[in-house]
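# Structure of the sequence below:
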Amino acid sequence: MVREIINMNQPGYSDAINHAFAFAAKHHDRQVRKGTKLPYLTQPANVAVILARYDRDESTIVAGILHDVVQDCVRDGFTREMLEQRIGEKFGDDVLATVLAVTPRRVDDDGVDLSAEEKKTDYLERLANASEPALWVCAADKVHNVNSILSDLGRTLDPDSVWSRSAGGRSTTVKWYRDVSDRLREVGFNAPIMDELRAAVTTLEGVS
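Prediction:
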């Protein structure tokens, strides 16, 4: 009876997912969400919840939990190359490939540093060659980020305190999420989560 009620093979209940949370917790330790006191791990945790809600497989959920490790954790003696190697060894090449597909690059193929705007352009362009799991992680990440902004705006008397968390403020923030949503559609990603993302972005465009 217990085995019928608790299926440990279902997404959200596995050693790999628990291991991914432990790994992310270690590498995001002492980090907080920008402009808040929330532990940074709340973001990848919410991404995992969103992916599980859409019945994504274990590897996609694991990648969702780890999606910001390479980007945000080049510190404490870890290089990007070391982090990539550790993720690949611990979680497999497929998970690593998904994580890297949704990780903004700091340099181009020739090793030239990318500006902030060039990083965004590069990210959008690379979505054309991203795997379906990577597109799911991208969409789930943006669904959470947009809804977090909307929630914070709904709780504050000073909207500028929310918009100022991102360089460029409101206009740049809104444009970025619209650009990602449109780009996902352009590359043919029409999964059900896209309805949620487009609705959230449209709502964000309508608030000041």
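# And the helices in this protein?
2-5, 15-27, 42-53, 58-66, 69-72, 80-91, 93-101, 116-126, 132-155, 159-163, 169-186, 193-205 (DSSP state H).
# Now do the contacts for the residue nearest in space to the middle of the chain.
The C-alpha lying nearest the average C-alpha coordinate of the chain belongs to residue 141 (Cα atoms, centre = their mean; 3.5 Å). Going by Cβ atoms under 8 Å, 6 or more residues apart in numbering, residue 141 touches 47, 64, 67, 102. (C-beta placed from N, C-alpha, C; glycine too.)
# Which one of those residues is nearest to residue 89?
residue 67 (17.7 Å; Cβ to Cβ).
# In this model residue 44 seems to touch that closest one, though I could be wrong.
Yes - Residue 67 lies in contact with residue 44 (Cβ atoms under 8 Å); the separation is 6.4 Å.
# Tell me the most packed of the contacts of residue 141, by neighbour count.
Within the contacts of residue 141, most neighbours by other Cβ atoms under 10 Å means residue 64, with 33 neighbours.
# And it, how close does it get to residue 44?
Separation of residue 64 from residue 44 (Cβ to Cβ, to the nearest Å) stands at 7 Å.
# Also residue 150?
Taken as Cβ to Cβ, the span from residue 150 to residue 44 is 19 Å.
# Residue 171 now?
27 Å.
# Pick out whichever of those two has more residues nearby.
residue 44 (25 against 9).
# Spatially, which residue comes closest to that one, not counting chain neighbours?
Nearest residue to residue 44 in three dimensions, chain neighbours excluded: residue 65, at 4.7 Å (Cβ to Cβ, 6 or more residues apart in numbering).
# a markdown table please, covering the helices of the chain and showing mean pLDDT.
Compiled in a markdown table, the helices of the chain are given as follows (pLDDT from 0 to 100):
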| stretch | mean pLDDT |
| --- | --- |
| helix 2-5 | 34 |
| helix 15-27 | 88 |
| helix 42-53 | 93 |
| helix 58-66 | 96 |
| helix 69-72 | 75 |
| helix 80-91 | 88 |
| helix 93-101 | 94 |
| helix 116-126 | 95 |
| helix 132-155 | 96 |
| helix 159-163 | 91 |
| helix 169-186 | 97 |
| helix 193-205 | 98 |
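# can you pull the contacts of residue 185?
Residue 185 makes contact with residue 194 under the criterion Cβ under 8 Å, 6+ apart.
# Please report the distance of it from residue 125.
15 Å.
# same deal with residue 158?
Taking Cβ to Cβ, one finds residue 158 at 36 Å from residue 125.
# How about residue 119?
Taken as Cβ to Cβ, the span from residue 119 to residue 125 is 11 Å.
# Those two: which has the busier surroundings?
residue 119 (16 against 11).
# which one is that one nearest to, not counting chain neighbours?
residue 104 (4.8 Å).
# What is the neighbour count of the nearest residue to residue 162 once chain neighbours are set aside?
Distances taken as Cβ to Cβ, 6+ apart place residue 152 nearest to residue 162, at 4.7 Å, with adjacent residues excluded. The tally of other residues near residue 152 (other Cβ under 10 Å) stands at 17.
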